[in-house]
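Trainee: Build me a structure from this.
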Amino acid sequence: MEENKFKLSDIFGGIIIPIILVILIYVLAVYVNVGGQHHVLGATNTIAVILVNGFAEMIILGIPLVLGLLWNKWAGGAAGFVMGGLYYVAQAGQYNGIYASAGVTTYNFFGDVSMLYWIVYGVIIGYMAGALNNGSTAFKRMLLAGLTASVIVSVLKAYLNYTISLDPARQMAQDSWKVDPVLAVVTNFVPLIALGVIVPILGKVMTWYGIQPQRHSAY
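Mentor: Modelled structure (predicted):
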């Protein structure tokens, strides 16, 4: 077997891309995040919230979505359960800490159904996209599956935040729809709609280079 020779593209994929990701996450966390140490867009800037929270949501839901499209519904659903569970624990812990530091201990975000539903969002987006796509590598079908799953999760998330989330989060959601409905639509739907377009494009490119889970025939 011929040895896999070292190429310049290996440097790009193994060094340059990871470094770019490290720098991007650092900049978002420190200089864009409204709670960052040196935030430059302001402590209440909506664009900053979209870039940081929206980016985090796209990563958490993007992994099960791409596995659902490229592998199958079971892989997408399982990955969604893991990623959604991690996000639920992180977010609930963060909000509990924020309110506890302000002297408010009446809220337990680990019991917030809208927060707990991040596990459901992850499972739904991965399983649904995988079931709709059913292993197809046709871009139109991948795009339709990705967008359908993303939009449904967006609607479910917006509804639960507006209706059954804990008082602080529910009030913020309701106020955003009353004060600026256009902005509410942007913050609730644009990140996941973008995800539903970006991931199928990424998935299609991955199929061109054979970067997808190997399918084995039944014995």
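
Trainee: which element follows the lowest-mean-pLDDT helix or strand in the chain toward the C-terminus?
Mentor: When the helices and strands of the chain are scored by mean pLDDT, DSSP states H and E, helix 46-49 comes last with a mean of 70. Tracing the chain past helix 46-49, the next element assigned as helix or strand by DSSP states H and E is helix 55-70.

Trainee: Check the offset of the next helix or strand after that following helix from the chain's centre.
Mentor: Next helix or strand after helix 55-70 toward the C-terminus (DSSP H and E): helix 73-101. Computed by C-alpha atoms, centre = their mean, to the nearest Å, the chain-centroid distance of helix 73-101 equals 11 Å.

Trainee: With stretch 16-30 instead?
Mentor: That offset, for stretch 16-30, works out to 17 Å (C-alpha atoms, centre = their mean).

Trainee: and this protein, what are its domains?
Mentor: Domain assignment for the chain by automatic domain parsing gives 1-32, 46-208.

Trainee: so of these, which one's packed in deepest?
Mentor: Of the domains of the chain, the one with the most neighbours on average (mean count of other C-beta atoms under 10 Å) is domain 46-208, at a mean of 18. Quick note: C-beta positions are derived from backbone N, CA and C, even for glycine.

Trainee: can I get the CA coordinates of the least confident helix or strand of the chain in PDB?
Mentor: Extracted as PDB, the C-alpha positions of helix 46-49 are listed here (Å, rounded to 0.1, in the frame of the first residue of the first chain):
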ATOM      1  CA  THR A  46     -28.500  42.600  20.200                       C
ATOM      2  CA  ILE A  47     -26.000  41.800  17.500                       C
ATOM      3  CA  ALA A  48     -23.600  40.600  20.100                       C
ATOM      4  CA  VAL A  49     -26.200  38.300  21.600                       C
END
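
Trainee: going forward can the numbers begin at 157, since that is how I track them
Mentor: Fine by me, first position is 157 from now on; the one you just mentioned is helix 202-205.

Trainee: who are the neighbours of that helix, in terms of helices and strands?
Mentor: On a contact count with 3 or more C-beta pairs under 8 Å, 6 or more residues apart in numbering; DSSP states H and E, helix 202-205 meets helix 337-364.

Trainee: Packing partners of the helix it packs on?
Mentor: helix 202-205, helix 211-226, helix 295-319, helix 323-335.

Trainee: and the angle for the second one with helix 295-319?
Mentor: Taking axes from the mean of the first three to the mean of the last three C-alpha atoms, to 10 degrees, one finds helix 211-226 and helix 295-319 inclined to each other by 140 degrees.
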